[in-house]
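Colleague: Attaching a predicted model along with its sequence, questions to come.
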Amino acid sequence: MSRTLLLKACTAMLRHDLTLAWRRRADLALPILYALIVTTLFPFALGPDRLVLQQIAGGVVLVIVVLAMLLELNTLFREDSDDGSLEQLMLSPQPLAVLLAIKVLVYWLTSAAPLIVLSPLLAGLMHLAPRLLPVLMLSLLLATLLISLLGAILMALTITSTQRSGMLLALTLLPLCVPIVIASSGTLVAAEQGLAWVAPLAWLGAALVLALVLAPLSCAAALHIGLDG
Amino acid sequence: MEPMILTHCAAPLLEARALCFKRQDEPVFAPLSFRLDSGDMILLEGANGSGKTTLMRLLTGLLQASSGEVLWRGRPLHRDRSPGDMLFIGHHLGLKARLTPRENLRTSVDLYGAARTNIDAALGYLGLDAVSDEPVYRLSAGQKKRSALARLLLIPATLWLLDEPFVHLDGSGVELMNHLLARHTARHGAVLLSSHDQRVFHTAGIKRMRMDI
């Protein structure tokens, strides 16, 4: 009985957040435009030399996608905290962590997933070797999910503070992004050199499994602590 | 709603024991002890900043008490496990500006696992028929308040915690709210509310509690 209720609450939450995202779809176009514009700027800045671009293509696309998805990160939980919906979620009989996990999923679906769909185009602009494209998309998939989950913890930690320092968010997010970017680009470099590229990807996967379990719980705990201030 | 058989004198619905909340080591209000039984209605009185909202947030479990405890049906309130049997409507109404009142209510109702079929009736009862499919940001302050109060009709909860429920409501809205309060207490529900406007009550049997230190 309670399981069907939880399922009902989860689908309601998913529909609620997706409807909200759809109503502000113009804002959500920003990361996509940003990624497209920055990628088209690279050939202008570095010259149209195919070999030069090809050499850095994977890393550039990776970093651009990560930066573009972070543009939307500080909207996560913010509106909910401002309009009182977060309190209503906390008071509902459903486990908060599960509801927050759905919010993170919607954030990923609306800000990172479109970029992954777009990544073949970005890779094409940078002349990435076509055989590397599947590896790039796979590592983007894992990396963006991981960053969404870790970013959500940081948002939950900073959202309720009175200062709401964007600086704090940036400073704490940077060190968390570094290992993710290293592992993703390690995958690409290995694939480029014809080496086994599964190992770095497996590291990302392992971290993702850990984050999938722990991040929603941490978000819920962080929001509870934050309210006490 | 059936009269509740399980309630007995030993365990009140809600009990506060020497409840105290400190913000930066300053107590927000003097230690409070009180009990709320089913059928009770308590009006919190106190000047601005006397801690009425803070007390309500403590009782919901949103805030953790610095000392003392809150008992819900005789058991300590766990803030990470909400009993789902209380409704809190505060200054922030918990409405999404980009969604319509109907969409907002549908989500609330689904979160509590309540029946969705009554939403139309509740919207009609609160006089929101004409705006039920307009986004909330186009609504007036009173209509927003009515949309949030519609939850009281849709979600079955024993305890209502209402922070200034009469603010922004017009004459007929106040009338409606009073009617809802009277009906809820008659059905063995309990209400704790705060209000600065003393004229708006005509509910008999209201208890008053002063918050000033």
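Modeller: Done, it's in.

Colleague: I'd like the distance from the strand or helix carrying residue A:118 to the chain centre, please.
Modeller: Element membership for residue A:118, per DSSP states H and E: helix A:113-125. Averaging C-alpha positions (C-alpha atoms, centre = their mean, to the nearest Å) puts helix A:113-125 15 Å from its chain's average.

Colleague: how about it: buried residues?
Modeller: For helix A:113-125, a neighbour-count test (16 or more other C-beta atoms under 10 Å in any protein chain shown) marks A:113-116, A:118-120, A:122-123, A:125 as buried. Using the backbone N, CA and C atoms, a C-beta is placed for each residue, glycine as well.

Colleague: List the buried residues in whatever helix or strand comes next after it.
Modeller: Note on helix A:113-125: by DSSP H and E, the next helix or strand toward the C-terminus is helix A:133-159. The neighbour-count check on helix A:133-159 (16+ other C-beta under 10 Å) flags A:133, A:135-136, A:138-159 as buried.

Colleague: Helix A:133-159 relative to helix A:113-125, how many degrees between them?
Modeller: For helix A:133-159 against helix A:113-125, the angle by axes from the mean of the first three to the mean of the last three C-alpha atoms, to 10 degrees is 140 degrees.

Colleague: Quick one: list the elements packing against helix A:133-159.
Modeller: Secondary-structure packing of helix A:133-159 (3 or more C-beta pairs under 8 Å, 6 or more residues apart in numbering or on different chains; DSSP states H and E): helix A:50-70, helix A:78-83, helix A:96-107, helix A:113-125, helix A:166-192, helix A:198-227.

Colleague: Swap in 7 Å and give it another go.
Modeller: If you count contacts as 3 or more C-beta pairs under 7 Å, 6 or more residues apart in numbering or on different chains; DSSP states H and E, helix A:133-159 packs onto helix A:50-70, helix A:96-107, helix A:113-125, helix A:166-192, helix A:198-227.

Colleague: Of these, which is nearest chain B?
Modeller: Distance to chain B, taken as C-beta to the nearest C-beta, is lowest for helix A:198-227 among the helices and strands packed on helix A:133-159, at 5.7 Å.

Colleague: circling back: deepest-packed of the helices and strands packed on helix A:133-159, please.
Modeller: helix A:96-107 (a mean of 22; mean count of other C-beta atoms under 10 Å in any protein chain shown).

Colleague: And for residue B:195, the neighbour number?
Modeller: A count of neighbours around residue B:195, defined by other C-beta atoms under 10 Å in any protein chain shown, yields 19.

Colleague: residues contacting it?
Modeller: B:43, B:164, B:166 (C-beta atoms under 7 Å, 6 or more residues apart in numbering or on different chains).

Colleague: Out of those residues, name the ones that lie in strands.
Modeller: residue B:43 (DSSP state E).

Colleague: of the contacts of residue B:195, closest to chain A?
Modeller: residue B:164 (13.2 Å).

Colleague: Surely the closest one is in contact with residue B:194?
Modeller: Yes: with contact defined as C-beta atoms under 7 Å, residue B:164 counts as touching residue B:194 (5.8 Å).
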